[in-house]
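**Student:** With the input below, show me the fold.
(one chain, ligands or ions: 2)
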Amino acid sequence: MTTPPPPSLSFLPSLEVRGLAYAYPDGHQALFGVDLTVERGERVALLGPNGAGKTTLVLHLNGILTAGAGTVAVAGLPVGPANLAEIRRRVGIVFQDPDDQLFMPTVREDVAFGPAAAGLRGAELDAVVRRALERVGMAAYADRPPHHLSFGQRRRVAVATVLAMEPEILVLDEPSSNLDPASRRELADVLRSLNVTVLMVTHDLPYAMELCPRSVILSEGVIAADAPTGELLADEELMRRHRLELPFGFDPTARPTRNPGGH
Ligand SMILES: Nc1ncnc2c1ncn2[C@@H]1O[C@H](COP(=O)(O)OP(=O)(O)OP(=O)(O)O)[C@@H](O)[C@H]1O
Ligand SMILES: [Mg+2]
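**Tutor:** Numbering: from 1, shown residues only. Ligands and ions are numbered 1, 2, ... in the order given. Below you'll find the model as predicted:
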């Protein structure tokens with residue numbers, strides 16, 4: 001599972017969503033024909049107001065929800081019942097609430113869970129777990145129960161559980177929410193250091209600016225804009241129309257400083 005994808009597939013987009021529409025069983029339609037392509041190695045922010053359909057879209061990317069109409073493909077492999085195991089290996093979703101994905105007695109077992117299910121054992125499994133925890137700065141916590149960790153630490157472990165699978169695409173739903181400023185910055189450093197395709201749902205527009213060269217706005221179940229993040233955030237009329245507001249004093253046209261204030 002640490003084998004790189006066959007070279008013949010590497011030109012395919014990491015994610016290709018075509019005409020995706022979905023109505024919840026109660027009849028509420030959340031997606032109305034979403035088209036989105038994310039090329040391998042891109043980092044894309046998925047922005048949009050509450051209720052826009054962002055989480056609904058994310059839940060389609062590994063087949064938790066199944067398209068009412070349209071298609072999703074991950075590195076060319078269609079998301080569907082026949083491929084779910086492989087799709088779930090390729091698409092690493094970090095949910096907004098880490099408690100939705102940490103359920104084992106120790107951090108180590110949580111991170112080992114996916115790779116073990118995929119057949120890794122012994123020293124090879126140990127090495128994968130150690131490396132994933134090192135990548136998020138949590139190696140020292142391997143033997144702790146996840147529920148004894150702080151929220152920010154659990155978020156990092158949740159990222160490690162997904163990285164251990166070497167996903168084609170890392171999908172994060174609100175990764176910076178409920179993090180203190182230092183944890184928020186440390187997670188940004190982790191994400192920036194990864195050589196993986198990223199789709200990041202966020203209301204934290206400076207975070208999008210810092211991490212994602214490209215942003216898309218999902219609004220009322222369709223992609224309403226797709227542009228370089230700086231351009232998109234600087235378009236006041238577009239931002240207003242989609243209920244997006246920059247924090248006070250944040251200037252998207254200013255040159256990015258990685259560590260404002262020298263911290
Ligand atoms: N289980 C459900 N049953 C019925 N409708 C739902 C369900 N889950 C979400 N919805 C509706 O679908 C729409 C999209 O919801 P979704 O959770 O995808 O929005 P979101 O963009 O992730 O919002 P937020 O920024 O608040 O997380 C909303 O109108 C919501 O009320
Ligand atoms: Mg959501």
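
**Student:** Could you find the closest non-adjacent residue to the residue of the chain found nearest ligand 2?
**Tutor:** In the chain, the residue that lies nearest ligand 2 is residue 55 (3.2 Å; CB to the ion). (C-beta placed from N, C-alpha, C; glycine too.) Ranked by CB to CB, 6 or more residues apart in numbering and with sequence neighbours excluded, the top spatial neighbour of residue 55 is residue 173, at 6.0 Å.

**Student:** Same question for residue 218.
**Tutor:** Using CB to CB, 6+ apart and skipping the chain neighbours, the partner closest in space to residue 218 is residue 48 (4.0 Å).

**Student:** for the residue of the chain closest to ligand 2, what are its contacts?
**Tutor:** Residue 55 makes contact with 96, 173, 201, according to CB atoms under 8 Å, 6 or more residues apart in numbering.

**Student:** ok, and the most crowded of those?
**Tutor:** Among these, residue 201 has the most neighbours (other CB atoms under 10 Å), with 23 neighbours.

**Student:** follow-up on the earlier one: check whether the one helix or strand the residue of the chain closest to ligand 2 maps to comes near ligand 1.
**Tutor:** In this structure, residue 55 sits in helix 54-61 according to DSSP states H and E. Yes - in terms of CB under 6 Å from any ligand atom, part of helix 54-61 sits within range of ligand 1, namely 54-56.

**Student:** how about a markdown table for these, with pLDDT added?
**Tutor:** Listed next are those as a markdown table, based on pLDDT from 0 to 100:
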| residue | pLDDT |
| --- | --- |
| 54 | 97 |
| 55 | 95 |
| 56 | 97 |
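
**Student:** ok, so of these, who is nearest residue 164?
**Tutor:** residue 55 (23.3 Å; CB to CB).

**Student:** Against residue 65, how distant is the closest one?
**Tutor:** Using CB to CB, to the nearest Å, we find residue 55 at a distance of 10 Å from residue 65.

**Student:** what's the answer for residue 236, then?
**Tutor:** Residue 236 sits 34 Å away from residue 65, going by CB to CB.

**Student:** between those two, which one's more packed in?
**Tutor:** Neighbours were counted for residue 236 and for residue 65 using other CB under 10 Å; residue 65 has more, 19 against 10.

**Student:** In three-state terms, label the more buried one for me.
**Tutor:** Put simply, residue 65 is coil when judged by DSSP: H, G, I helix; E, B strand; the rest coil.

**Student:** same question, residue 152
**Tutor:** helix.

**Student:** Give me the phi and psi angles of the spatially closest residue to it that is not a sequence neighbour.
**Tutor:** What sits nearest to residue 152 in space, not counting adjacent residues and going by CB to CB, 6+ apart, is residue 183, at 3.7 Å. Backbone torsions of residue 183, given as degrees, to the nearest 10, read phi -70, psi -40.

**Student:** so residue 183 touches residue 149, yeah?
**Tutor:** No - using CB atoms under 8 Å, residue 183 is not in contact with residue 149; the gap is 11.7 Å.

**Student:** ok, residue 81 - how many residues close by?
**Tutor:** So residue 81, with other CB under 10 Å, has 8 neighbours.
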